[in-house]
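> next one to model:
(2 chains)
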2 protein chains.
Amino acid sequence: MDKDSKVSITVIRRLPKYYRYLGDLLKKGINRISSQELSKMTGFTASQIRQDLNNFGGFGQQGYGYNVEELHNQLGRILGLDTVYNAVIAGAGNLGQAVANYKGFEDAGFKVLCLFDKNPKLIGLKIREIEIRDVDSLEEFIKENNVEIGIITTPKENAQDIADTYIKSGIKGIWNFAPADLKVPEDIIVENVHLNESLFTLSYFLKNRSDYTT
Amino acid sequence: MDKDSKVSITVIRRLPKYYRYLGDLLKKGINRISSQELSKMTGFTASQIRQDLNNFGGFGQQGYGYNVEELHNQLGRILGLDTVYNAVIAGAGNLGQAVANYKGFEDAGFKVLCLFDKNPKLIGLKIREIEIRDVDSLEEFIKENNVEIGIITTPKENAQDIADTYIKSGIKGIWNFAPADLKVPEDIIVENVHLNESLFTLSYFLKNRSDYTT
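Below you'll find the model as predicted:
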């Protein structure tokens, strides 16, 4: 991968989809695929796919297509899935517990070390062997355990405070489920999952069927 | 709203954000805002904001800006938040329970009537007064209770089956949390929350810091 080139965020957001489809193909024992076939699976055009993948070096061979396993492995490396990151979750309510239980974590190389909450009823409980601790010990824990990812599943009102604690403690990336736009320094990576925006979009389309273009 | 015009999906996806910010302003007792001030809050340019909102009729007045309450109400109507939809959830594991507990539902006018699962240990339990029933009764329940929204929080392997049952039973919109691209007829609205793609994107940015443009 050419470290000098800048890849657009829309291309990057398509990579996990390619990765997922290639994983499905691998499981089915399919070893070779053309960009045309990938196009049928993903809904992106074949030329879009070739262009996307060319950003990271020429994986395909003309007349042969792509080697599924090789491309899957390469995309995994590009997506950083071969690197293990330590993570913590702030907010051990239903959503925090669902995230702690989320199987996709391990596939992505994320290891949830601990959950944190301020509710005394939750502190001390375990989710899948992962302990829930008092949020007051969050900063200390992060510093002592080389935690790089902070997940936020608190109510909106607490999200910025948690983000500030994360940043102060040396966290590099935040996965934010709270419906708030966090203010963070430029070198901190924030990935938002805004459930209410997704829900409102669904509501819009239900109310205004056929009233949009894609 | 002009029912004949087609609004682009990228504009629509920004509306929930405007709606959220306007709600925050209302709570603070702020009654009037300019597109410049909205720009500072949202990160979109003032001209982008004016253009977006013009799609739905001219809300702002030159030299005055926007009336916060009026715009908030109008966007709520456009987003269909004044309409109540009945919903069910298939998959009553952690994620399904988190979704059932999700406060944002009521604000969006969604009413979760029932959860469904095939695990006998879950059937009969209640989440916030909402019963978990056997997935075998899903089709009947939807038909008898005028359910319009189906939520999928099952494993990937079961997602298409559930979607097929939803469609057969007359559901109009699907909120899909399973990491699968559902095959549905054109008139069915699908809104995906692909957690693993979000996580992989975070992983990518952590591995390739500064190696992208926005």
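> the residue of chain A most remote from its centre sits in which helix or strand?
Distance to the chain centre peaks in chain A at A:Gly63, reaching 33.8 Å (criterion: CA atoms, centre = their mean). In this assignment (DSSP states H and E), A:Gly63 forms part of neither any helix nor any strand.
> that one and chain B: what is the separation?
Distance from A:Gly63 to chain B, counting by CB to the nearest CB, to the nearest Å: 28 Å. C-beta here means a position set from N, CA and C on the backbone, and glycine is covered the same way.
> what's the weakest-modelled helix or strand in chain A?
strand A:212-213 (a mean of 45; mean pLDDT, DSSP states H and E).
> how near is the residue farthest from the centre of chain A to A:Leu206?
Going from A:Gly63 to A:Leu206 by CB to CB, to the nearest Å gives 46 Å.
> quick one, helices of chain A?
Secondary structure of chain A by DSSP state H: the helices cover A:9-27, A:35-42, A:46-54, A:68-78, A:94-100, A:104-107, A:138-144, A:156-169, A:195-207.
> okay, buried residues for the shortest one please.
Residues of helix A:104-107 classed as buried by neighbour count (16 or more other CB atoms under 10 Å in any protein chain shown): A:104-105.
> need the distance between the two termini of stretch A:93-112.
15 Å (CA to CA, to the nearest Å).
> can you give me the buried ones in that stretch?
Buried, per 16+ other CB under 10 Å, within stretch A:93-112: A:93-102, A:104-105, A:108-110, A:112.
> what does stretch A:77-88 give?
Buried residues in stretch A:77-88, defined by neighbour count with 16+ other CB under 10 Å: A:78-81, A:85-88.
> rewinding a little: which pLDDT value does the model give the residue farthest from the centre of chain A?
You'll see A:Gly63 listed with a pLDDT of 74.
> quick one, phi psi at it?
phi 80, psi -10 (degrees, to the nearest 10).
> angle of the longest strand anywhere in chain A against helix A:156-169?
Looking across chain A with DSSP state E, the single longest strand is strand A:110-117. Per axes from the mean of the first three to the mean of the last three CA atoms, to 10 degrees, the angle that strand A:110-117 makes with helix A:156-169 is 120 degrees.
> and strand A:110-117, what does it pack onto?
Using 3 or more CB pairs under 8 Å, 6 or more residues apart in numbering or on different chains; DSSP states H and E as the contact criterion, the elements in contact with strand A:110-117 are strand A:85-90, helix A:94-100, strand A:130-134, helix A:138-144.
> now render those as CSV, adding mean pLDDT.
As requested, those are exported to CSV (pLDDT from 0 to 100):
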stretch, mean pLDDT
strand A:85-90, 96
helix A:94-100, 88
strand A:130-134, 97
helix A:138-144, 97
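> who wins for proximity to B:Trp175 among those?
Nearest of these to B:Trp175, taken as CB to CB: helix A:94-100 at 14.9 Å.
> which elements pack onto the closest one?
Helix A:94-100 is packed against strand A:85-90, strand A:110-117, helix B:94-100, with contacts defined by 3+ CB pairs under 8 Å, 6+ apart.
> same list, the ones you listed, but as TSV with distance to A:Ile142 please.
Below are these laid out as TSV (distance: least, CB to CB, whole Å):
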stretch	distance to A:Ile142
strand A:85-90	6
strand A:110-117	9
helix B:94-100	24
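> which one of those lies closest to A:Leu182?
Of all these, it is strand A:85-90 that lies closest to A:Leu182, at 12.2 Å by CB to CB.
> just how off-centre is the closest one within its chain?
Relative to its chain's centre, strand A:85-90 lies at 13 Å (CA atoms, centre = their mean, to the nearest Å).
> and the contacts of that strand?
The contact list for strand A:85-90, computed with CB atoms under 8 Å, 6 or more residues apart in numbering or on different chains, reads A:96, A:99-100, A:105, A:109-117, A:135, A:138, A:141-142, A:145-154, A:158, A:162, A:165-166, A:173, A:175, B:203, B:206.
> out of the residues you listed, which are buried?
Using 16+ other CB under 10 Å as the burial test, the contacts of strand A:85-90 include A:96, A:99-100, A:105, A:109-110, A:112-117, A:135, A:138, A:141-142, A:147-154, A:158, A:162, A:165-166, A:173, A:175, B:203, B:206 as buried.
> start to end distance for stretch A:63-74?
Chord length of stretch A:63-74, first to last residue, is 20 Å (CA to CA).
> partners of the longest strand of chain A in the sheet?
Strand A:110-117 sits in its sheet next to strand A:85-90 (parallel), strand A:130-134 (parallel), going by DSSP bridges.
> any chance of those in CSV, with distance to A:Gln74 too?
Converted to CSV, these look like this (distance: least, CB to CB, whole Å):
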stretch, distance to A:Gln74
strand A:85-90, 20
strand A:130-134, 32
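> returning to that earlier point: worst average pLDDT in the helices of chain A?
When I compare the helices of chain A, helix A:104-107 is least confident, with a mean of 76.
> give me the distance between that helix and the centre of its chain.
Centre-to-centre, helix A:104-107 and its host chain are 10 Å apart (CA atoms, centre = their mean).
> so for A:Lys172, what's the pLDDT?
Confidence at A:Lys172, expressed as pLDDT, is 94.
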